[in-house]
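Asks: need a structure here:
(4 chains)
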There are 4 protein chains.
Amino acid sequence: MKKVGIIGSTGYVGVELVRLLLNHPEVKLEAISSQSFKNQSIDSVYMNLKGITSLVCEDEDSVINKSDVIFTALPHGLSEKIALKTLEQNKLVIDLGADFRITDENIYEEWYGKKFDVADIHDFATYGLPEINKDTIKTSKIIANPGCYATSIELGLLPLVASNLISTKDIICDSKSGATGAGRGLSLSTHFTECNESLSAYKIDGHRHIGEIEEVLTSQSRDTVEICFTPHLLPINRGILSTIYTKLNNNEDLEIIHSVYKIYYENCPFVKVLDLGESANIKNIKYSNYCHISIHKDFRKDRLIIISCLDNMIKGAAGQAIQNMNIALGFEETAGLNLIPPAF
Amino acid sequence: MKKVGIIGSTGYVGVELVRLLLNHPEVKLEAISSQSFKNQSIDSVYMNLKGITSLVCEDEDSVINKSDVIFTALPHGLSEKIALKTLEQNKLVIDLGADFRITDENIYEEWYGKKFDVADIHDFATYGLPEINKDTIKTSKIIANPGCYATSIELGLLPLVASNLISTKDIICDSKSGATGAGRGLSLSTHFTECNESLSAYKIDGHRHIGEIEEVLTSQSRDTVEICFTPHLLPINRGILSTIYTKLNNNEDLEIIHSVYKIYYENCPFVKVLDLGESANIKNIKYSNYCHISIHKDFRKDRLIIISCLDNMIKGAAGQAIQNMNIALGFEETAGLNLIPPAF
Amino acid sequence: MKKVGIIGSTGYVGVELVRLLLNHPEVKLEAISSQSFKNQSIDSVYMNLKGITSLVCEDEDSVINKSDVIFTALPHGLSEKIALKTLEQNKLVIDLGADFRITDENIYEEWYGKKFDVADIHDFATYGLPEINKDTIKTSKIIANPGCYATSIELGLLPLVASNLISTKDIICDSKSGATGAGRGLSLSTHFTECNESLSAYKIDGHRHIGEIEEVLTSQSRDTVEICFTPHLLPINRGILSTIYTKLNNNEDLEIIHSVYKIYYENCPFVKVLDLGESANIKNIKYSNYCHISIHKDFRKDRLIIISCLDNMIKGAAGQAIQNMNIALGFEETAGLNLIPPAF
Amino acid sequence: MKKVGIIGSTGYVGVELVRLLLNHPEVKLEAISSQSFKNQSIDSVYMNLKGITSLVCEDEDSVINKSDVIFTALPHGLSEKIALKTLEQNKLVIDLGADFRITDENIYEEWYGKKFDVADIHDFATYGLPEINKDTIKTSKIIANPGCYATSIELGLLPLVASNLISTKDIICDSKSGATGAGRGLSLSTHFTECNESLSAYKIDGHRHIGEIEEVLTSQSRDTVEICFTPHLLPINRGILSTIYTKLNNNEDLEIIHSVYKIYYENCPFVKVLDLGESANIKNIKYSNYCHISIHKDFRKDRLIIISCLDNMIKGAAGQAIQNMNIALGFEETAGLNLIPPAF
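Replies: This next block holds a predicted model:
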């Protein structure tokens, strides 16, 4: 059994990794770390883990030393140094932060306001979206787990940009995310009485996932892809729904476009293309690693609307990280991820 | 004191009218009707009215006969016959249904699947959006209260189309509405456990408010306005937030566009144009007749994004109907509508 | 018109006072203060007040000097010093904190861990529950506005203890409150994702409102009243529902007990005793100053169960404070409080 | 691999069984039935199962014939006839309805208004609460799965009544349940806008689970146990929290009582007795088969308060049924139930 460790285990993404890795049939969660809760057992921080695990938060080096695979769930800017160490020990790191998601250093700087700290290790990194990069994930030593919004939008658009079906400069992505996306840190916007019974947009003038999304989609397209992206904060715990508006180049039939999607995702166990007439819905993917995609035509017929839904903490974070690990380590792609979405 | 009556008082829009009209300083709620609860007192149907009113649901003719102003809150197709009667008695009817919202019978037929039943009375009808039609509202005998989505989108776009600032064929309206918009009728999609902790889009291939919105916006524009509109069901009780994506004709400065909005709504007591940098939010307008509008530029600067928020049951229905009545009867426009939105 | 001021206007209770006082027909909100937002306008702190008021937060003395009536909405321990000043200026203070709620200094010390700071001014204070103290409220210079839980439990039990109907040592109060009760201060328990879709009890071994409740009920009873009280945090914004379990002394008929309640609250405009068979429900009193009470017998018939519901921010705080002011100043008791609870 | 079937698979309990049984390592879900959706595939009824199973709803006899173990998730009154058939085929039936929960026919009649239809098969039935009946569950042919409220209250009280620690006539159970407890059937009380942001008690004069709870607790006690029970409807999807108020016979120390609980549940993998000072919370057991119990003393020290939390659809229904199957078939008790509660 492979030993895995988590650096940053007491944030929301971290604890979701703990939950899923504890039930993974092929690995053993060996060590965890936390800046805020050093030397505390994780079930004293998260009472839901009471009696299930009493792993104690160690320091980062200890996690790296004890583990074959290291997951990092940290704010951006902290993972490069860790990757340097895991590379030295020839270990796999799967980074759930943003440090390795963008390949082009200039684009990275545009969105994150800084250069790479350790530029030369970026060559070892692969963008961990299994639906496009399965082969490189298998051989990579650094896997950059995609952002939650990014995953939902990229999966929604990939078949279109890859097939040259839409205008790549005319894409609107209106995304809505549950409040776990904002993490466990306290803020007025996620104070219960401020978030509940409300809805608001944020970062309307430019959210960091744009750089990542455009780079990935452009890499799969003939043309440079440009998107307009607006995230919204939903008064629910989990789930992202992205409503994506595109313009068809040649007004193809919906049936044909539907076939393109079905074929594109034929061998992707976690992407479900809904039947025509069905509509993707957050409730049907919560607590699972699935992404549901439905496609629709506007009544004027030249505009294609895509709805893409996933659980931001699973396919948008911890689940996709495990999917990447499964591929990298040669396990069944779905190992530990047989999470059937509950009906309610 | 003017006497007012409500036909269809036990639906969600009807009972909201009851609540607001009972506190109106210039009118007396004289009579109400209901198909489902005939001869029952409304406080036996709605326990929140316990000890506040014991008005009993009468039949429609009785309401018409007793009232100077009649509000109709009915499914579409039922208000024309009532308007025929109110016209005969030379009384004002304010219709919160869809029968009179669309002027062009062909457009009406396209969206509602039928011709007008009583076509010749439509000449007496005015579209009751006070921000554009105050003068005709004053003299009309039939006021067509706008749809909830329609109000939020029209108020968001009017300054732009009136000033020829945007491309009128490139408008995306992504709207999200609370569940009161679906009314009191039971359905699986508004069953608590299906709606809670979820989000979904519906009527993606064409919602009826499109016809109304396009006709109204076109009437205020040099060009024909065409919109793409997708409504979503939010797991909250009240409120609509519309995120509207437009393309600027000449990439004007945001400050200038902001001035255009401020001037356009200068004399509109219920439309608040937020300062640049602020973002409209459902929580700030709930339980009030206000519409908050914020404007934003995408990071690429050629796209203008408008956020328009209102309470679907008040500015989107009962409150706007009372605002129309106030104008028509020469009251203060804000009479009975001094509803300060609560902070929570 | 009387001038009123609020000390502590930017907490949740404070801003609810702002909202209600701005619409009060007999008073003018003249000045407000805030420790956290000194010199800022309140509509910059609370966007729901945008365009409605631009009152600026001054210091406390300024509020006292400018106002005829001063509302204090502060953590306990801060109001006595203010009351000293208002007494010197012969002005009325209505304290929404806990400093004057308990008459007996020993009981106060037991629950609040300290003696009175200015013991001799407590003689001027009245417990502001209008349903029992209307006469003393009229002549008092310090009104201690009751706690939210306390109001719901006291109103539920008063007719019983006053009529010697129940065993005063056998009272269980299981209360559930919306999250506004915890205020605007950030904490993990009111972080959206921790509070949402959950329920928990807190302060099970003794909540401070017990001292207040027992003293008030004992004052209206032949015997010393002792209660067991457990508060719970509900994932909703507003409302308290208290389920109160009592033992009847002589197993009186429910009809008789119901009559006792009806008579007891005959002249109380904000307490509604529901009909037998009806059950009090938070949704029917939200956003109003009403308290709904329903009474029930357990199937074994010797136990009486009372359900008492109110809006914690209105009848449990700001609304009751205004009701007290109305009585003290000789206004109509319901002035400014004609808040019909919305159906949703 | 054992073959299992579900009769009544499209209600909320049924579909939760489907979800959990599909992932069970020792059994194969062979057949399902549904009255409402005959001949339809379950993933057309529940979109969350899209691409996961396409089991088609057959008739009841077919399910019985194809399965070794039959789960029935039906309204009360329908399971006796099915049990007659499974007994004839010498198969195990696990009934999630109420038909076999109560042993005493008179008590059954008191609460369900009818006699047993097939009285003589009741001797073959065992009450399936594994924490007390593990041995009889192993040999039984009919397992009566406990009610959701009943499980939470019984697990909360069993150590006390078994140890004669409390007065058995002085027990108050104030329970709060999420809306899945009301099932998928549409009703006004579970209409989103009526249930959301509200709380109400129901069946205050006697809920059917009382008969079951009292019979079970009495069977484990020296004295007849009588409870007062009030259920409330919470605006959340899942979870029950019961706050239970008891009177200690001899005012034992909390530490001693805590030890009694720890010992009582020593070998029960799904019951977690929290440490003193901790408080059970719905969020910590959601989506798992755990029951969390915390014990507390009132500040007056003679009253013991127990908080018992579980997921009404899992430990309160489908999970417990599978736990019963595991015991009856000799599997690991936790097989298929390694559901770690998510942190959010």
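
Asks: how about the helices in chain A?
Replies: A:12-22, A:42-45, A:60-66, A:79-88, A:105-112, A:130-139, A:148-162, A:192-195, A:209-219, A:254-264, A:318-329 (DSSP state H).

Asks: would you mind giving the ones you listed as a markdown table with distance to chain D, mean pLDDT and mean neighbour count added?
Replies: Placement of C-beta: from N, CA and C, glycine included. Converted to a markdown table, the helices of chain A look like this (distance: least, CB to the nearest CB, whole Å; pLDDT from 0 to 100; neighbours: other CB atoms under 10 Å in any protein chain shown):
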| stretch | distance to chain D | mean pLDDT | mean neighbour count |
| --- | --- | --- | --- |
| helix A:12-22 | 5 | 98 | 25 |
| helix A:42-45 | 9 | 97 | 18 |
| helix A:60-66 | 20 | 98 | 18 |
| helix A:79-88 | 22 | 97 | 19 |
| helix A:105-112 | 27 | 96 | 16 |
| helix A:130-139 | 15 | 98 | 16 |
| helix A:148-162 | 14 | 98 | 26 |
| helix A:192-195 | 11 | 98 | 25 |
| helix A:209-219 | 21 | 98 | 22 |
| helix A:254-264 | 12 | 98 | 15 |
| helix A:318-329 | 10 | 98 | 25 |
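
Asks: chain D contacts on chain A?
Replies: Counting by CB under 8 Å from any CB of the partner chain, the positions of chain A adjacent to chain D are A:12, A:15-16, A:19, A:22-23, A:46-52, A:180, A:197, A:237-238, A:272, A:274, A:278, A:281, A:283-285, A:287-288, A:290, A:292, A:313, A:338, A:340-344.

Asks: tell me which parts of the stretch 101-250 of chain A are close to chain B?
Replies: Counting by CB under 8 Å from any CB, the stretch 101-250 of chain A comes close to chain B at A:172, A:174, A:176, A:193-194, A:196-202, A:204-206, A:210, A:226, A:228, A:230, A:232, A:234-239, A:241, A:243, A:245.

Asks: and those, which are buried?
Replies: Among those, those classed as buried by 16 or more other CB atoms under 10 Å in any protein chain shown are A:172, A:174, A:176, A:193-194, A:196-201, A:204, A:206, A:210, A:226, A:228, A:230, A:232, A:234-239, A:241, A:243, A:245.

Asks: A:Val27: how many residues sit nearby?
Replies: Residues near A:Val27, counting by other CB atoms under 10 Å in any protein chain shown, number 22.

Asks: go ahead and confirm it touches A:Leu21.
Replies: Yes. Using CB atoms under 8 Å, A:Val27 makes contact with A:Leu21 at a distance of 6.3 Å.

Asks: what do those two both touch?
Replies: Common neighbours of A:Val27 and A:Leu21, using CB atoms under 8 Å, 6 or more residues apart in numbering or on different chains, are A:4, A:336.

Asks: where does the most far-flung residue of chain A relative to its centre fall, phi/psi-wise?
Replies: Going by CA atoms, centre = their mean, the residue of chain A most distant from its centre is A:Arg300, 33.2 Å out. Here is the backbone geometry of A:Arg300 (degrees, to the nearest 10): phi -80, psi -10.

Asks: quick one: contacts for it?
Replies: For A:Arg300, the contacting residues are B:226, B:228, by CB under 8 Å, 6+ apart.

Asks: tell me the pLDDT at it?
Replies: Here, the pLDDT recorded for A:Arg300 equals 88.

Asks: quick check: it vs B:Gln220, distance?
Replies: A:Arg300 sits 21 Å away from B:Gln220, going by CB to CB, to the nearest Å.

Asks: and if you look at A:Asn250?
Replies: To B:Gln220, A:Asn250 is 34 Å away according to CB to CB.

Asks: and those two? Which one has more around it.
Replies: B:Gln220 (17 against 8).

Asks: would you confirm that A:Phe37 contacts A:Thr10?
Replies: Yes. Counting by CB under 8 Å, A:Phe37 does reach A:Thr10; the two are 5.0 Å apart.

Asks: which residues are in contact with each of the two?
Replies: Overlap of the contact sets of A:Phe37 and A:Thr10 (by CB under 8 Å, 6+ apart) consists of A:45, A:57.

Asks: which of the residues of chain A next to chain D count as buried?
Replies: For the residues of chain A next to chain D, buried by 16+ other CB under 10 Å: A:12, A:15-16, A:19, A:22, A:46-50, A:52, A:180, A:197, A:237-238, A:272, A:274, A:278, A:281, A:283-285, A:287-288, A:290, A:292, A:313, A:340-344.

Asks: just the ones in strands from these, please.
Replies: Among these, the members found in strands (DSSP state E) are A:272, A:292.

Asks: is stretch A:148-166 up against chain C anywhere?
Replies: No. Stretch A:148-166 stays clear of chain C (CB under 8 Å from any CB), getting no nearer than 14.4 Å.

Asks: how far away from the center of its chain is that stretch?
Replies: With CA atoms, centre = their mean, to the nearest Å as the basis, stretch A:148-166 stands 14 Å off its chain's centre.

Asks: before we move on, the earlier item: so which of the helices of chain A gets nearest C:Asp95?
Replies: Among those, the nearest to C:Asp95 by CB to CB is helix A:192-195 (23.3 Å).

Asks: mind giving me the packing neighbours of that closest one?
Replies: Judged by 3 or more CB pairs under 8 Å, 6 or more residues apart in numbering or on different chains; DSSP states H and E, helix A:192-195 is in contact with helix C:192-195.

Asks: break chain A down into its domains, please.
Replies: What automatic domain parsing lists as the domains of chain A is A:2-145+A:317-329, A:149-310.

Asks: could I get these as JSON lines with distance to B:Val216?
Replies: JSON lines is the format used below for these (distance: least, CB to CB, whole Å):
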{"stretch": "domain A:2-145+A:317-329", "distance to B:Val216": "39"}
{"stretch": "domain A:149-310", "distance to B:Val216": "18"}
